[in-house]
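Asks: Here is the input, now give the coordinates:
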Amino acid sequence: MDSSENEMPDKKPIELPVSRFAEPECSYEVHLDSADGPLVDRKITIGEQLFHRWECGYEAEHNKEPSSFKNSSDNSLYCMMVHSCTISSGNQSGQRRHRRRHRRQNEFVVLEIVDEFGCSIYTNITPEIHYLGDLRAVLEVQAFALDYDQPAVFFKCNVRLLLKINGRCRRPNCIKK
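Replies: Have a look, this model is predicted:
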């Protein structure tokens, strides 16, 4: 057998065009009384019903402002998963993230309440996140405080966009405790 039979012809590789799928933009809001109720724009009393809402969508073609989403979850390539939520008694925006469940650092209490799989750790405080379609999620909670001296609670979550497989979203299922 001649070795020249197995060799590739001396041609340059073909360059394929690169295509980029449009990624949705996401927003986070806190509402009173319902997921579509008024936005929180005042101090909250402990026990008031709050709705944390995450929503992703594509910019409406006629309006280029990011807040004008065209929610097209039926034909979207993506679905969303809210995960790794923490609450703290102080603003920790400039500090690095830690993985411990509960800690005191610089006099702030930080508590992980939703794990990396999107499951509630303390279901008596924060129930499981409800998904309303592929690109909208809601967490219904009653307002609470972590520390008597610092009544403000800072809420922080991550949103992961998952590629749908055969048109289905594959979010992890949370086990009831």
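Asks: Per-residue confidence, residue 71, what does it come out as?
Replies: You'll see residue 71 listed with a pLDDT of 49.
Asks: what's the neighbour count on residue 116?
Replies: By other Cβ atoms under 10 Å, the residues close to residue 116 number 13. For every residue, glycine as well, the C-beta is placed using N, CA and C.
Asks: got the phi/psi numbers for it?
Replies: Here is the backbone geometry of residue 116 (degrees, to the nearest 10): phi -70, psi -10.
Asks: From what I see, it and residue 83 are in contact.
Replies: Yes. Counting by Cβ atoms under 8 Å, residue 116 does reach residue 83; the two are 5.4 Å apart.
Asks: what about the strands in the protein?
Replies: Ranges of strands in the chain, per DSSP state E, are 25-32, 49-59, 69-70, 78-88, 102-105, 108-114, 130-131, 136-142, 154-163.
Asks: now those strands as CSV including mean neighbour count?
Replies: Converted to CSV, those look like this (neighbours: other Cβ atoms under 10 Å):
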stretch, mean neighbour count
strand 25-32, 15
strand 49-59, 19
strand 69-70, 16
strand 78-88, 21
strand 102-105, 11
strand 108-114, 19
strand 130-131, 16
strand 136-142, 19
strand 154-163, 16
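Asks: closest to residue 171 out of these?
Replies: Closest to residue 171 of the strands of the chain, according to Cβ to Cβ: strand 78-88, at 5.1 Å.
Asks: tell me the angle of that closest one relative to strand 108-114?
Replies: Here the directions of strand 78-88 and strand 108-114 differ by 150 degrees (axes from the mean of the first three to the mean of the last three Cα atoms, to 10 degrees).
Asks: Output strand 78-88 as CSV - backbone C-alpha positions only.
Replies: Output of strand 78-88 as CSV, limited to C-alpha atoms (Å, rounded to 0.1, in the frame of the first residue of the first chain):
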residue,chain,number,x,y,z
TYR,A,78,-32.2,29.5,26.5
CYS,A,79,-33.9,29.1,29.8
MET,A,80,-32.8,30.6,33.0
MET,A,81,-31.8,29.3,36.4
VAL,A,82,-31.5,31.5,39.5
HIS,A,83,-28.8,30.2,41.9
SER,A,84,-26.3,31.0,44.6
CYS,A,85,-28.4,33.5,46.4
THR,A,86,-27.1,35.2,49.6
ILE,A,87,-28.6,37.7,52.0
SER,A,88,-26.5,40.0,54.1
